[in-house]
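K.L.:
here are the coordinates; sequence isn't available:
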């Protein structure tokens, strides 16, 4: 017997839309993606972007529950969904139903979509931090511990008792891009960030210096003095920022674990795994389809899918 | 009797060329500037840029000694001058003579120009740091203590016994510009960086957090939650980076002084003065014509000008 699709999961971020056909046991039966992130969809035509990708999936079952996570629930997305508070696990991440209109070109079809809320909290200094989408990946990974979700805005997340109790955001990826493309540091860069020796040297500098604004300049002076080949400058700077991120996260998180589960794109996750190891920590790669797993768990908790 | 010009001083950086007529006692008799920094001079025609600004000064005295400081002595400048080592004061900053050719359009005039070397050293981790131009301003300020020269690449400099014994570079200004113009933080900014309350809030966050990559994200979340007006985001980010710079510099410098002499452009110096005060330090504004004073002192030490 062919397994039956029980849930359509949408992992919809700023650059990419990923759609999953998920069965009643949480197994992913089908997966598609398109560069239809919320910043790339024209005129807010989210219904159009969704049908462009999965019109046949939508047509196959008019009653298929749809669940969505990520920036699609932000102010700039399809519908703004409030943030949930900490601590939060699948039970607290109850999705909010919104009847999406697909317009005249789809026979004025209206279907409910269940938007998973993001998370917000204020740290000890009263400063807010937020996430949208990572809470669903964490729910999918499903265990206690310390998680790292690298990217433009890298997140470190602590899970205790199956619920997120703390997290922090680091602007590592976006900072790297801005420094590389728009400061003097980029002028000495030749080639990609793949020089492993230079990467490790950067990690050590960034992790140990404790003075990031000052350490940044070493990406220029080391090349100026021939201590670092120009082909290693990008890797060195990448390592420096990741090393600084690891040092900052260790100082911020109130937990002594040395095992960190990494959830993210493969090449970047391996880069962080190398850096963690160089800093005396252990990075293990988390499940690849964490978002779909989390969507299924949250849908189960909300009664959208029968067990 | 009209005072006699004894020295032509050139403070020649990446964006601006400043020229000074200096008398035998170090008094500046005339000052001119042009946007003829080394990155803006076309085809390396430095002789042309110089005569465009001060042809009459050059013609008035064919034997007038000329001394130059700043990036004009870098690899991309008119002539690359080696770096001097620490510790360094006017005696160690002996300028290197170079016979500059002014070409056919100036009757193939050749005149010696005395280029002041920059400084380089390796810190305790073996990482090099460099300056070109600031060593001359410090020589002009002329006293022991801790100096701060804010800008794209902010310098902190320790002077003991009339010689520079330590310095460090912080990419504060360039980082601010890159974050403002090329990351998500800039998207919420409205207006200038002049909101004093937001600036002070940023200084406190940057100075106290110890986690700069993480603290940066607060420039977004505080605005997202309405805790910070969008008209204050630029000032907050500026304060955050300056506060982080001050914390890093205090941790790096092996000196307990709380009095810091600021040498730089007036508005930026006042901004740093406010920030230092908020961090329990005292910033005093240094002499305005420190570069010309330093050029005169170095010229005196080298015997280019009679006392």
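P.N.:
Great, that's in hand. If you're wondering where the values come from, they're calculated on a predicted model, not measured in any experiment.

K.L.:
tell me the domain ranges of chain A?
P.N.:
Domain assignment for chain A, taken from automatic domain parsing, gives A:5-136+A:289-301, A:170-285.

K.L.:
how distant is the shortest one from the center of its chain?
P.N.:
The chain centroid and the centroid of domain A:170-285 are separated by 19 Å, computed with C-alpha atoms, centre = their mean, to the nearest Å.

K.L.:
could you give me the average pLDDT of that domain?
P.N.:
Taken as a whole, domain A:170-285 carries a mean pLDDT of 95.

K.L.:
That one near chain B at all?
P.N.:
Yes - Domain A:170-285 is in contact with chain B by C-beta under 8 Å from any C-beta of the partner chain, via A:170-172, A:174-175, A:177-179, A:181-185, A:205, A:208-214, A:216-218, A:221-222, A:224-225, A:227, A:241, A:244-245, A:248-249, A:251-252. (Glycine included, C-beta is placed from N, CA and C.)

K.L.:
Which ones among the residues you listed map onto strands?
P.N.:
Among these, DSSP state E puts residue A:170 in strands.

K.L.:
tell me the contacts of the residue of chain A most remote from its centre?
P.N.:
Distance from the C-alpha centroid of chain A, by C-alpha atoms, centre = their mean, peaks at residue A:225 (37.9 Å). Residues in contact with residue A:225 (C-beta atoms under 8 Å, 6 or more residues apart in numbering or on different chains) are B:120, B:128.

K.L.:
10 Å - rerun?
P.N.:
Each residue near residue A:225 by C-beta atoms under 10 Å, 6 or more residues apart in numbering or on different chains is listed here: B:83, B:120, B:122, B:127-128, B:130.

K.L.:
mind listing the strands for chain A?
P.N.:
Assigned by DSSP E, chain A shows strands spanning A:5-12, A:17-23, A:28-34, A:66-69, A:96-101, A:110-115, A:119-122, A:128-131, A:145-149, A:154-160, A:163-170, A:259-262, A:282-285.

K.L.:
Mean neighbour count, the ones you listed: which tops it?
P.N.:
Ranked by mean neighbour count, the strands of chain A are led by strand A:66-69 with a mean of 28 (mean count of other C-beta atoms under 10 Å in any protein chain shown).

K.L.:
counting contacts, what elements does it pack onto?
P.N.:
In terms of contacts (3 or more C-beta pairs under 10 Å, 6 or more residues apart in numbering or on different chains; DSSP states H and E), strand A:66-69 is packed against strand A:5-12, strand A:17-23, helix A:46-60, strand A:96-101, strand A:110-115, helix A:134-141, helix A:290-301.

K.L.:
Present those as CSV; the columns should include distance to chain B and mean pLDDT.
P.N.:
Converted to CSV, the helices and strands packed on strand A:66-69 look like this (distance: least, C-beta to the nearest C-beta, whole Å; pLDDT from 0 to 100):
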stretch, distance to chain B, mean pLDDT
strand A:5-12, 18, 97
strand A:17-23, 20, 97
helix A:46-60, 20, 94
strand A:96-101, 19, 92
strand A:110-115, 18, 95
helix A:134-141, 14, 97
helix A:290-301, 22, 97
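
K.L.:
Next, the distance between the ends of stretch A:279-290.
P.N.:
Taking C-alpha to C-alpha, to the nearest Å, stretch A:279-290 runs 26 Å from one end to the other.

K.L.:
chain center to that stretch: distance?
P.N.:
Distance, stretch centre to chain centre, for stretch A:279-290: 14 Å (C-alpha atoms, centre = their mean).

K.L.:
Equivalent analysis for stretch A:288-307, please.
P.N.:
With C-alpha atoms, centre = their mean, you get 17 Å for stretch A:288-307.

K.L.:
Could you list the buried residues of it?
P.N.:
By 16 or more other C-beta atoms under 10 Å in any protein chain shown, the buried positions in stretch A:288-307 come out as A:289-302, A:304-305.

K.L.:
do stretch A:194-204 as well
P.N.:
Residues of stretch A:194-204 classed as buried by neighbour count (16+ other C-beta under 10 Å): A:195, A:198-204.

K.L.:
Nearest to residue A:142 among these?
P.N.:
Within the buried residues of stretch A:194-204, the smallest distance to residue A:142 is 29.5 Å, found for residue A:203 (C-beta to C-beta).

K.L.:
measure that closest one to residue B:40 for me?
P.N.:
Counting by C-beta to C-beta, to the nearest Å, the gap from residue A:203 to residue B:40 is 37 Å.

K.L.:
Equivalent analysis for residue A:30, please.
P.N.:
Distance from residue A:30 to residue B:40, counting by C-beta to C-beta: 58 Å.

K.L.:
what do you get for residue A:232?
P.N.:
Taking C-beta to C-beta, one finds residue A:232 at 30 Å from residue B:40.

K.L.:
Same drill for those two, tell me which one is more crowded.
P.N.:
Legend: neighbour count by other C-beta atoms under 10 Å in any protein chain shown for residue A:232 and residue B:40, higher for residue A:232 (26 against 13).

K.L.:
Tell me who's in contact with the nearest residue to residue A:82 once chain neighbours are set aside.
P.N.:
Closest residue to residue A:82 apart from its sequence neighbours, by C-beta to C-beta, 6 or more residues apart in numbering or on different chains: residue A:117 at 5.9 Å. By C-beta under 10 Å, 6+ apart, residue A:117 lies in contact with A:69, A:73, A:81-85, A:88, A:92-96, A:132, A:135-136, A:298.

K.L.:
switch the cut-off to 8 Å
P.N.:
Residue A:117 sits next to A:73, A:81-84, A:93-96, A:135 when contact means C-beta under 8 Å, 6+ apart.
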